[in-house]
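> need the 3D shape of this:
(one chain, ligands or ions: 1)
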Amino acid sequence: MTLTVKAFIKEFKSQFQSMYAYSYKEGSTEQLYNALGLYIKNYLSRNWKETKEDYVENSVKQVYYFSMEFLPGRQLESNAYNLGLLDTIKEGLNEMGMSLEELEEAEADPALGNGGLGRLASCFMDSLASLGVPGNGNGIRYQYGLFKQKFVDGYQVELPENWLRYRNVWETRNDKSTCMVKFGGNVWLEKNHLGYMEAKYENTLNVLAVPYDTPMVGYRNNVVNNLRLWSAEIPVEEEENYHTLEATEPIKEITQVLYPDDSNYEGRLLRLKQEYFMVSAGVQSILRHYKKYNLPRKNIPDKVAIHINDTHPALVIPEMMRILLDEEHLSWEQAWEITFKTCSYTNHTILREALEKWPIDMMKDLLPRIYMIIEEINQRFVDTTAPIYGDRITWQTAILQNGVVNMAHLAVIGSHSINGVAKLHTEILMEDVLKDFFELYPERFNNKTNGITQRRWMHLANPGLTRLLDEKIGEEWKKNPSELKVFKGFEQDEKTIKELAKVKFENKQRLADYIEELQGIKVNPKAIFDVQIKRLHAYKRQHLNMLHILYRYLDIKENPSKDFVPRVFIFGAKAAPSYMYAKQIIKVINSLAELINNDPDVGDKLKVVFFENYGVSLAEKIIPAADISEQISLASMEASGTSNMKLMANGALTLATLDGANIEIKDFVGEENMFIFGLSSKEVYELKAAGNYNSKGIYESNEKLRHTLDALTNDTIPGLNGEGYAVFDSLVNYNDEYFVLKDFESYIKAQEKVDALYRNTDEWTRKSLLNIASSAPFSADYTIKRYADDIWKVKQHSEQKDS
Ligand code: 26Q
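All right, here's what the predicted structure looks like:
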């Protein structure tokens, strides 16, 4: 069934009229957007229903991806595109005197995640549906997403992100599938009249979990999977007990707001409530759905795979045990076998301060039955491990340690598969962070390098490049990304090189216009667009980037007649609200930008743009215009990175340390087509082990560096209130935790190579072409295929239905 422009126009008009009872000509942008969104949702609803029915009728195995975060981005264009409606809709809207771009801006960008981990979950949702893998997301419908970031005098200010204010056309509230989640109270075990042990509860806080389902549309394959987000409400039958607004607070707050920290774990009770709420509702709903299959409980692992996205949903393990023991009355051994075979876990970080460890007392009070089960899992683990491996290893790997529940240990012990997110990261897990577990269970460990969906990050974000690729290598690459390598054949084709350079230039021109409109900064589209977009964290070293900018600024001031290659430095980054140092770095960059952008001696040679409120929608605008991709974390610290993949696929050259997936970028595109600098992870480990790093020594002995660092504290940068000192102190006087000064010199050298290469436009573009052509292995479609084959053992179920 193909939709004609004429039919679309007719149906859209009637959709609008049925919603608002006046003509679309009177509609506001928001209303027109809502009508179009609902039109698309109606259009896909049949496939959504049929996909669901199909999975049940054929008793197919399904994956449930449990994640506290999802960052789907705007869905209007991407749904229309995957459904094959985009061109028809664009044309129809034009005929009615509207543009899709304009309506699109009315859509909220759901910021239900912090960064990489949440965006990865959403790329995976897109790939699951597009491959026809039966896969569902399970998460929280936060009423407020990640804070909106504003800069006031260069300081980050956080505002609430009320993304649901103007309704969300994509979601369907599903009152038929609610679950009850119990907190606190007293629990004891009692034999019931059938002779089974049963858990008895009193004085619990009962919370109703209401699911909101959002369609996850596959790319032109009629598959529509489901993303289920849970919202906490007062149970209907208990409404009468809640007399005041205040009394409802403890329930409503559970799904009110996303925790804005992505790297520093704080043991907040409310966060633990959120985790258990999502997990309990999710597991209950899965096991209820499984009953439709009419199969014995022991077959659950043949039909259900539950994936734990970092440790945040690791309570899936005791929760599943609880239901199988207390409600299904299985033996411990039976329940454990099912749970263990069903669950798998991905680790996303090696930062020690990010590892979740919940105080035992807190867990016991909030989740008494879950704690009892964790205790038994721990006891049985200790009893089987100690006799074979001895006390030391057993103690180091136990779940309960020094008054806390170690969530990573729980996740590892209860999962049949444990994976890292890039080759180096997985090695570090096996050799360092989870070394003892690797000795216990080597067969459980595996690597799954992250990936990105090319549909959103190339096809939609970069139409110019997509057209060029279609023209040169045909359209096959869109279904089959490995075809991108055919583009390598054009490496020496002058015409293609020129065309590619033109695409990039136009993208830069568009971004330059946007920057001027947004910030009033005029940037030269011929300059190198140098981009660092990611959460702000000392290990990601935005301050190393800043030091280079400062160095360059001083150089320009001191050598006015020197020939500089113009550069625009572009940042996008949110700092966790409680992360002081990250906020100070933002302030220093903003003040430095203010100085540079307004200095007439500098002109076009140097500009610094720090976008406010970086998120998925901004990323879609910035990435296609990037020349340089800054991936400069201290080697070993960045588990994978995913902006590195997006930027590469859009033809940016990577300037990087050998960390995370940068190593694999190097393997695919070749060292000569990127800029590598800095310590290797091995050198970082050695330097840490030696214990003799002396940042002050470097400061004192490197004249260039000293000159640059001194500018942080000698009033070179106006508007600072001690932030320059804070950065200076941490780097010079507190021994520079992330070895910024150690890598400074080689970073500057790499930056000089960037300038030199950019002078040769064709050579630069040739390398850009090779990057695009080598980016296929980072397609999330391949990543998901590997998860499906190796970990979840689910099959693609996408026989093409004709609708
Ligand atoms: C934990 C406890 C309490 C509150 C918050 C958290 C929390 C929330 C989010 C801890 C960590 C996160 C997010 C981590 C994250 O995004 N990690 C990134 O994951 C990407 C996808 O695998 C990788 O590419 C990045 O390298 C990694 O930093």
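> so Pro301 sits right up against Ala335, yeah?
No. Pro301 lies out of contact with Ala335 (C-beta atoms under 8 Å); the separation is 11.8 Å. To be clear about C-beta, it is placed using only N, CA and C from the backbone, and glycine gets the same treatment.
> quick one: end-to-end distance for stretch 600-615.
32 Å (C-alpha to C-alpha, to the nearest Å).
> list the buried residues of that stretch.
Neighbour counts over stretch 600-615 (16 or more other C-beta atoms under 10 Å) mark 602, 605-611, 613-615 as buried.
> what of stretch 376-395?
Applying 16+ other C-beta under 10 Å to stretch 376-395 flags 377-378, 381-382, 385, 393-394 as buried.
> what comes into contact with that stretch?
317-318, 321, 332, 336, 397-401, 410, 413-414, 436, 439-440 (C-beta atoms under 8 Å, 6 or more residues apart in numbering).
> redo that, cut-off 10 Å
317-318, 321, 325, 332-333, 336, 339, 396-401, 405-406, 409-410, 413-414, 435-437, 439-440 (C-beta atoms under 10 Å, 6 or more residues apart in numbering).
> please apply the same query to stretch 503-510.
Taking C-beta under 10 Å, 6+ apart as the rule, stretch 503-510 contacts 461-469, 523-529, 568, 621-627, 650-652, 764-765, 768.
> could you rerun that using 6 Å?
With contacts defined as C-beta atoms under 6 Å, 6 or more residues apart in numbering, stretch 503-510 is touched by 464-465, 468, 525, 529, 624-625.
> now tabulate those residues in TSV and tack on neighbour count and pLDDT.
Compiled in TSV, the contacts of stretch 503-510 are given as follows (neighbours: other C-beta atoms under 10 Å; pLDDT from 0 to 100):
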residue	neighbour count	pLDDT
Gly464	17	98
Leu465	21	98
Leu468	20	98
Pro525	19	98
Phe529	25	99
Pro624	28	99
Ala625	26	99
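> export those to a markdown table and tack on distance to Leu112?
Listed next are these as a markdown table, based on distance: C-beta to C-beta, whole Å:
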| residue | distance to Leu112 |
| --- | --- |
| Gly464 | 30 |
| Leu465 | 29 |
| Leu468 | 34 |
| Pro525 | 34 |
| Phe529 | 29 |
| Pro624 | 24 |
| Ala625 | 26 |
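> now, which of the contacts of stretch 376-395 lie within strands?
400-401, 405-406 (DSSP state E).
> can you tell me which residues in the stretch 1-150 of the chain are near the ligand?
114-117, 120 (C-beta under 6 Å from any ligand atom).
> tell me if I'm right that Ala582 and Leu536 touch.
Yes. Using C-beta atoms under 6 Å, Ala582 is in contact with Leu536, at 4.3 Å.
> count of neighbours near Ser99?
Residues near Ser99, counting by other C-beta atoms under 10 Å, number 11.
> check Ala639 too.
With other C-beta under 10 Å as criterion, Ala639 counts 28.
> that one: helix or strand, and which one exactly?
Using DSSP states H and E, Ala639 maps to neither a helix nor a strand.
> just Phe8 next, same as before
Assigned by DSSP H and E, Phe8 falls in helix 5-20.
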